[in-house]
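Participant: Show me how the following folds:
(4 chains)
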Number of protein chains: 2
Amino acid sequence: MKRSLEHIEYKENTEALARFAKALGHPTRIAILKHLDKQSCCFTGDLVDVFPLAQSTISQHLKELKNAGLIQGELKSPKIKYCINQENWKIAKSLFKEFFD
Amino acid sequence: MKRSLEHIEYKENTEALARFAKALGHPTRIAILKHLDKQSCCFTGDLVDVFPLAQSTISQHLKELKNAGLIQGELKSPKIKYCINQENWKIAKSLFKEFFD
DNA sequence: TATTCTTATCGTAAAGATACGATTGGTTTT
DNA sequence: AAAACCAATCGTATCTTTACGATAAGAATA
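Facilitator: Below you'll find the model as predicted:
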């Protein structure tokens, strides 16, 4: 991608909202979050059983959701328990709500 | 991208929501929609003046928003007037609302 | 008819996203 | 200590996205 030399300045909420939206921009990640919301929490292995995708692919999607702040992982040896990050979830929720009026 | 041979089946709303989210997944497109919402409608040229991006780049973002169904264009010769697609906007709004509870 | 105005599209380049298998790293169990 | 288990990361291939300038297409104006 040929980038503009100058960094475009958006209003603060604009970039935050776009970041959340981008993380939600893949059906697998939406499905993971729905699953997480229903189960409250779950392990990576559970998702590998649910989706016809390689373990590494699931892991990659989880990483993106984590980077966006929408989920968080907690070591429950030998597994990792993933849950919704409630704090950021609220922020995302309010940003979308505000955006759509 | 090496694709799975099989097409993954998601629930209907999952794909629809991901499609909307993907369209919102860029700060410029969020900013365009905010501008469109405030102004009610606008022309391509207005946006070119507002953002430090090439005309062709703006046009490409508008195309994506149009493909996602979030906006619609109307020929007002010699310009094109873009507005929010209220019908689909409502659908997107309700999908996000339902998703976040 | 020629010119101008406005926007879409084409061609292209660089970066990012998505998928996989294989490997690694850290725990737990044997 | 060895084996087994779970998940992250690495390396790789391919497709998509984002950006630009240049060109084309359409209608209005001179």
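Participant: which residue is nearest the middle of chain A?
Facilitator: Taking Cα atoms, centre = their mean, the centroid of chain A lies closest to A:Leu65, which sits 2.5 Å from it.
Participant: what's downstream of the helix or strand hosting that residue, the next helix or strand?
Facilitator: A:Leu65 belongs to helix A:55-67 when assigned by DSSP states H and E. As assigned by DSSP H and E, the chain's next helix or strand after helix A:55-67 is strand A:71-76.
Participant: Which secondary structure element is home to A:Asp46?
Facilitator: A:Asp46 is part of helix A:44-50, with elements assigned from DSSP H and E.
Participant: do the same with A:Ile30
Facilitator: Using DSSP H and E, A:Ile30 falls within helix A:27-39.
Participant: hmm, that helix touching DNA strand C?
Facilitator: Yes: counting by Cβ under 7 Å from any atom of the strand, DNA strand C has neighbours in helix A:27-39: A:Thr28. Bear in mind the C-beta positions are built from the backbone N, C-alpha and C, glycine included.
Participant: Now do that helix: everything it contacts.
Facilitator: Contact with helix A:27-39 is made by A:23-24, A:42, A:46-47, A:50-51, A:53, A:58, A:61-62, A:64-65, A:70-71, A:82-84, B:8, B:10-11, B:14-15, B:17-18, B:21, B:99, B:101, as judged by Cβ atoms under 8 Å, 6 or more residues apart in numbering or on different chains.
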